[in-house]
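1. Okay, sequence plus prediction incoming.
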Amino acid sequence: MISPKRVIFEDRERSAYVNLINSSKATKTYRLGLVDIVQTETGGIITKPTAADLNQLHSAKEMLRYSPRQVRLAPGEVQKIRIAARRPANLPAGEYRTHLMFTELPGPQAVQMQDSAQIKLHMLMSFTIPVFVRSGAYNSEVSLSQLKIVNEGGKQKVVFDIQRLGDYGVNGKATLYWQPNLETQPTKIAELNNIAVYRETKIRRSVGFSLENTQPLKKGIYKVVYTGDAALNHRNLGSAEFVY
């Protein structure tokens, strides 16, 4: 367990802490490191970005220091990780990001017998959280578009695009509402949490609500509202609707 799941250094903030919790019943060893990960327009990630990818990323890796670099935790033990931000002079306004990676370093997990030889199996489990360094006043805006119903695997799905403008990424939740007509109150029918559009991604395409109902969608008005997270004061960043 890692808490919090995101770290944001605003203009005057210089240090932050992340708690690493060993919630298992075995002693674990973790190695920490900073890695640059690039988001694609479909929400996927590029773990080995090219030089061109990194030019779009605006990496914060060189601004960050952290300690300790490796920890060994007994079951239930908690380790506080300190992260420090060192901004260069005259840093241009905008948002800079890298990821803090926690890699579990296992001993031999199992022994297999194969052709009379013993093979030790090791599995490296890694977890990452984004770390942001911000400079200047937040200025990103969001608009939603291409709201429609598509069929995937025999089921209907409501999808939409998120277009972002400005020098900062956004993170929040998308909520889908339905109402049969304008005379009735809308009903929430689905929600997606932690929908991020990072700075290098100008548009996040085909974000979708997978609806559990296997019946055809009802006729009426469908509306998507995108709301910012706590760092954005949970404010409404954009909405779109269509009649089905």
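-> That came in fine, so what should we check first?

2. Stretch 24-36 - what's its average pLDDT?
-> The predicted model assigns stretch 24-36 a mean pLDDT of 94.

3. What of stretch 54-72?
-> If you average the pLDDT over stretch 54-72, you get 93.

4. got the end-to-end distance for that stretch?
-> 32 Å (C-alpha to C-alpha, to the nearest Å).

5. Now tell me what touches that stretch from outside.
-> Outside stretch 54-72, the residues that touch it by C-beta atoms under 8 Å, 6 or more residues apart in numbering are 20, 27-34, 36, 38, 49, 79, 81-88, 94-98, 100, 105, 131-133, 199-200. The way it works is simple: take the backbone N, C-alpha and C, and place the C-beta from them, glycine included.

6. mind redoing it with 6 Å?
-> Contacting residues not belonging to stretch 54-72 are listed as 29-32, 34, 36, 38, 79, 82-87, 96-98, 133, 199-200 [C-beta atoms under 6 Å, 6 or more residues apart in numbering].

7. buried residues in that stretch?
-> If you call a residue buried by 16 or more other C-beta atoms under 10 Å, then stretch 54-72 has these buried ones: 57, 58, 59, 60, 61, 63, 64, 66, 71.

8. Narrow those residues to those in helices?
-> residue 57 (DSSP state H).

9. any chance of the buried residues of stretch 54-72 in TSV, plus distance to residue 161?
-> Rendered in TSV, the data for the buried residues of stretch 54-72 read as follows (distance: C-beta to C-beta, whole Å):
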residue	distance to residue 161
57	21
58	22
59	26
60	27
61	30
63	31
64	32
66	35
71	41
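
10. Of all pairs in the buried residues of stretch 54-72, which one spans the longest distance?
-> 58 and 71 (29.2 Å; C-beta to C-beta).

11. Which helix or strand in this structure has the lowest average pLDDT?
-> For the chain, counting by mean pLDDT, DSSP states H and E, strand 110-114 ranks last in confidence among helices and strands (a mean of 50).

12. Look up how far residue 168 lies from residue 231.
-> Using C-beta to C-beta, to the nearest Å, we find residue 231 at a distance of 10 Å from residue 168.

13. Name the residue in the two with the higher neighbour count.
-> For residue 231 against residue 168, the residue with the higher neighbour count under other C-beta atoms under 10 Å is residue 168, and the figures read 24 against 15.

14. ok, the more buried one - contacts?
-> For residue 168, the residues meeting the contact criterion (C-beta under 6 Å, 6+ apart) are 95, 138, 140.

15. try 7 Å
-> Residues touching residue 168, when contacts are defined by C-beta atoms under 7 Å, 6 or more residues apart in numbering, comprise 94, 95, 134, 138, 139, 140, 199.

16. a helix runs through the last one, doesn't it?
-> Going back to what we said before, that points to residue 199. No - assessed by DSSP: H, G, I helix; E, B strand; the rest coil, residue 199 does not belong to a helix; its assignment is coil.

17. Number of residues surrounding it?
-> Residues contacting residue 199 under the criterion other C-beta under 10 Å number 21.

18. I'd assumed residue 95 was in contact with it.
-> Yes - with contact taken as C-beta atoms under 7 Å, residue 199 and residue 95 are classed as touching, separated by 5.2 Å.
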